[in-house]
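Asker: Got a predicted structure plus its sequence, pasted below:
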Amino acid sequence: RCAPLSERGALCSSETGRKLCVCVVRMSAVSEGEDVLARWTDGLLYLGNVKRVDGLKQCCLVRFEDNSEFWVLRALNRRLHLTCLCLYFTLSLCSGYHAACHSPPVDPEVDIDSWICRHCVFAVATKRGGAMKRGRFARLMQYMKLRLPYQLSSLDWDPQHLTNQQQCYCYCAGPGEWNLKMLQCARCGQWFHEACTQCLSKPLLYGDRFYEFECSVCTKGPETIQRLPMTWVDLAHLVLYHLSLCCKRKYFDFDHEILSFANENWDSLLLGALSDTPRQERCHHLLAALNVHKDRFVSGKEIKKKKCLFGLQVRAPPPLASDTSPVLTEAPVSIGHRKRSVLPSRLKGNVQQNSKPSLKSILTSGRV
């Protein structure tokens, strides 16, 4: 019998009282003062320290490196099948795995000294903007992505196939928010983190679903991706949605924020036919889209504010032509909680900084 290495729980902010799902990675029973790794909804790992344990409610209070605290609820019926820490019988390889417990199963003839488990490979290879594409860990990740560490058919989805009750997504079996930089496979319908995919040429924007994506499980090889055509209305909607999540505001100045962001990130937006539009003509097309499509956008002059301000009627990602019903979302809690991404202690030296970006930094750096 194998004991689970990871358990999934719902995080509840002590300030907002809202719940957020993460995976808490641990090697034994959680105790106060213990360092834990949490796989956030972006697919990356973050370091936290257990401050308090509530055995009755099966939860613990975790403090992250930015001093934010979340209650982690250990739901025993939501055990990860990502990897297993074998506590009984004969142990082998990378902190103690049975060969059959790992996904994919370990080759009996593998070199014990050089073998690395799935969990450690993903800890190193996942990156904001897209996973590693070159090197040993990139090759190992590609091989391990050919098989999911859970049964896709066992997940319970909502009618729009955006979320599942198990909060199990991607190759990593971690939690996720479909509108926060995730891609949906056109074949199997599962959602995959930007950080776990190896096919992106540019980082995703929040709510950007204008891709035809197929995962490695379905292709039985490398992922495939193709940019879908976008209109000026789609572009205006996408920029406003992305800015609203980054800055937690509804209204943005057209010249200094909306148009500026579009121009600074023009090449990264991969706009297809729109890409050849001269810089001096972009203003006209974007402004026309914002003024004409009142079903999507609201102008500041309609609420007795400056007419140069624009916002979304409903804060939801831009719809696809294939959508049969409107997609409505609330502001995700995970956007406001940023932590430093880290690796297990045995894999140090690849630390990512994850700080909340300001609008000024977004506009001046051209980051998406």
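Answerer: Everything's here; your move.
Asker: can you list contacts of stretch 269-277?
Answerer: 201-202, 205, 227, 229-232, 235, 262, 266-267, 285, 368 (Cβ atoms under 8 Å, 6 or more residues apart in numbering). C-beta coordinates here come from the backbone N, C-alpha and C atoms, glycine included.
Asker: Just the closest of those residues to residue 177, please.
Answerer: residue 205 (13.9 Å; Cβ to Cβ).
Asker: Name the nearest residue to that closest one, ignoring sequence neighbours.
Answerer: In space, and not counting its chain neighbours, residue 205 is closest to residue 242: 4.4 Å by Cβ to Cβ, 6 or more residues apart in numbering.
Asker: so that neighbour is in which element?
Answerer: Here residue 242, judged by DSSP states H and E, is contained in helix 232-247.
Asker: quick one: which of the contacts of stretch 269-277 sit in strands?
Answerer: Judged by DSSP state E, the contacts of stretch 269-277 include residue 227 as members of strands.
Asker: Save the contacts of stretch 269-277 as CSV, and put in pLDDT and neighbour count too.
Answerer: Output for these, formatted as CSV (pLDDT from 0 to 100; neighbours: other Cβ atoms under 10 Å):
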residue, pLDDT, neighbour count
201, 95, 10
202, 96, 14
205, 97, 21
227, 96, 15
229, 95, 11
230, 96, 19
231, 96, 16
232, 98, 20
235, 98, 21
262, 97, 19
266, 97, 16
267, 95, 10
285, 97, 16
368, 51, 20
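Asker: Greatest separation within the contacts of stretch 269-277: which pair is it?
Answerer: 201 and 285 (24.2 Å).
Asker: pLDDT weak spots in the protein?
Answerer: Filtered on pLDDT under 70, the chain yields the residue ranges 1-29, 58, 72-101, 112, 324-368.
Asker: The residue most central in space within it: what's it in contact with?
Answerer: In the chain, the centroid-proximal residue (Cα atoms, centre = their mean) is residue 42; its distance is 2.7 Å. By Cβ under 8 Å, 6+ apart, residue 42 lies in contact with 128, 176, 180, 181, 193, 194, 195, 334.
Asker: let's go with 6 Å and repeat that
Answerer: Residues near residue 42 by Cβ atoms under 6 Å, 6 or more residues apart in numbering: residue 195.
Asker: Wasn't it part of a strand?
Answerer: No: the assignment for residue 42, made by DSSP: H, G, I helix; E, B strand; the rest coil, is coil rather than a strand.
Asker: coming back round to it: what about the residue nearest to residue 205, neighbour count?
Answerer: Residues near residue 242, counting by other Cβ atoms under 10 Å, number 21.
Asker: Same question for residue 225.
Answerer: The burial count for residue 225: 16, using other Cβ under 10 Å.
Asker: Equivalent analysis for residue 130, please.
Answerer: 20.
Asker: cool, and residue 161?
Answerer: Count around residue 161 with other Cβ under 10 Å applied: 13.
Asker: Make sure residue 210 is actually in contact with residue 229.
Answerer: No: contact criterion Cβ atoms under 6 Å: residue 210 and residue 229 do not qualify, at 7.8 Å.
Asker: any idea how far the closest residue to residue 309 other than its chain neighbours is from residue 308?
Answerer: Excluding the flanking residues, the one nearest residue 309 by Cβ to Cβ, 6+ apart is residue 300, at 3.1 Å. Computed with Cβ to Cβ, to the nearest Å, the distance linking residue 300 and residue 308 is 7 Å.
Asker: Same question for residue 258.
Answerer: Separation of residue 258 from residue 308 (Cβ to Cβ) stands at 9 Å.
Asker: mind checking the SS state of residue 189?
Answerer: Under three-state DSSP, residue 189 comes out as coil.
Asker: can I assume it is in contact with residue 161?
Answerer: Yes: counting by Cβ under 6 Å, residue 189 touches residue 161, with 5.3 Å between them.
Asker: Please, which helix or strand holds residue 70?
Answerer: With DSSP H and E as the test, residue 70 turns up in strand 69-79.
Asker: Nearest residue to residue 185 in space, please, no chain neighbours.
Answerer: Per Cβ to Cβ, 6+ apart, closest to residue 185 is residue 215, 4.3 Å.
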